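*Asks:* generate a structure from the sequence data that follows.
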Amino acid sequence: MGNHCSSCAEESKEIIHQVQEKGISEVAKEKYEEVKEEVKEMVETVKEKVAGASAEVAAGVEAATGCAVAPAKELNVTFQAATGKETEIVFKTKPLPFTCKPQAKGGCCASGTTGKFVIAKIEAAKAKEYYDLKPGMIIKKIDGAELVADQDFQEFQKALADKVNELPAVTKEAPAGPKEEPKKEEAKPEAPAAEAPKEEAGKAEAPKEEAPTQECK
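*Replies:* Residues are numbered from 1 along each chain as shown. Coordinates of the predicted model:
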């Protein structure tokens, strides 16, 4: 632990000395570049390990099933902004979220194209997902290969289309069908109320009394 503390102290002294000679902004910039390079190396290492793991998985599946697993197709496109900053984006499905066009020459009196191709329009539904893409960005590389200078636009479109056609299509979810409304139970007709028994039209006649017979004397 003592050696570690001694090393930290020496490093701190070195940084203080550099700040005194070059200024804090210059030293900070140098340290940023050092960290940036270390991060790049870490990213590359991770990519290599992931690729190796994918290959091992594919080999295991092939050994178990006897069927070779085709690697997933991807399209790597490198774009360049007006500032010179490059952005690499991996597309895994088709269609691409942008259209392209030849880059026009700048200036009020200039005419023709520069021989480069730029993003013309970005699909509105994909703009949020691909927020790094902006109209006017130059398409610089496709799958790591620099584009040929002064390439014909139709040739470029065909070459790009061939790459895109190798990608799997976006799977669309089937639209949900209309919801069925629950059936309403029909009201059953009420049974007619029982009629009260009708009174007899006439009352039963009382029996007539017979007059007594007189005997003859």
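*Asks:* what mean pLDDT does stretch 83-103 get?
*Replies:* For stretch 83-103, mean pLDDT rounds to 95.
*Asks:* and that stretch, what's buried?
*Replies:* Phe91, Lys94, Leu96, Pro97, Phe98, Cys100, Pro102, Gln103 (16 or more other Cβ atoms under 10 Å). For the C-beta atoms, the positions are set from N, CA and C on the backbone; glycine is no exception.
*Asks:* list the buried residues for the strand ranked longest in the chain?
*Replies:* Criterion DSSP state E: the longest strand present in the chain is strand 113-122. Neighbour-count burial for strand 113-122 flags Lys116, Phe117, Val118, Ile119, Ile122 (criterion: 16+ other Cβ under 10 Å).
*Asks:* right, and Phe105 touches Gly112 too?
*Replies:* Phe isn't right for residue 105; it's Lys. Yes. Counting by Cβ atoms under 8 Å, Lys105 does reach Gly112; the two are 5.5 Å apart.
*Asks:* which of these two has more neighbours?
*Replies:* Just comparing Lys105 and Gly112: by other Cβ atoms under 10 Å the higher neighbour count belongs to Lys105, 12 against 8.
*Asks:* residue contacts, that one?
*Replies:* Contacts for Lys105 were tallied using Cβ atoms under 8 Å, 6 or more residues apart in numbering; they are Ser111, Gly112, Thr113, Thr114.
*Asks:* which neighbouring elements make contact with the longest strand of the chain?
*Replies:* Applying 3 or more Cβ pairs under 8 Å, 6 or more residues apart in numbering; DSSP states H and E, one finds that strand 113-122 contacts strand 98-104, strand 138-142, helix 153-165.
*Asks:* of all the ones you listed, which one is nearest Glu10?
*Replies:* Evaluated over the helices and strands packed on strand 113-122, closeness to Glu10 peaks at strand 138-142, with 43.5 Å, by Cβ to Cβ.
*Asks:* helices of the protein, start to end?
*Replies:* 2-22, 24-65, 153-165 (DSSP state H).
*Asks:* ok so, going back, now, the most widely separated pair of the buried residues of stretch 83-103?
*Replies:* Spanning the widest gap among the buried residues of stretch 83-103 are Lys94 and Gln103, at 23.9 Å by Cβ to Cβ.
*Asks:* lovely, talk soon.
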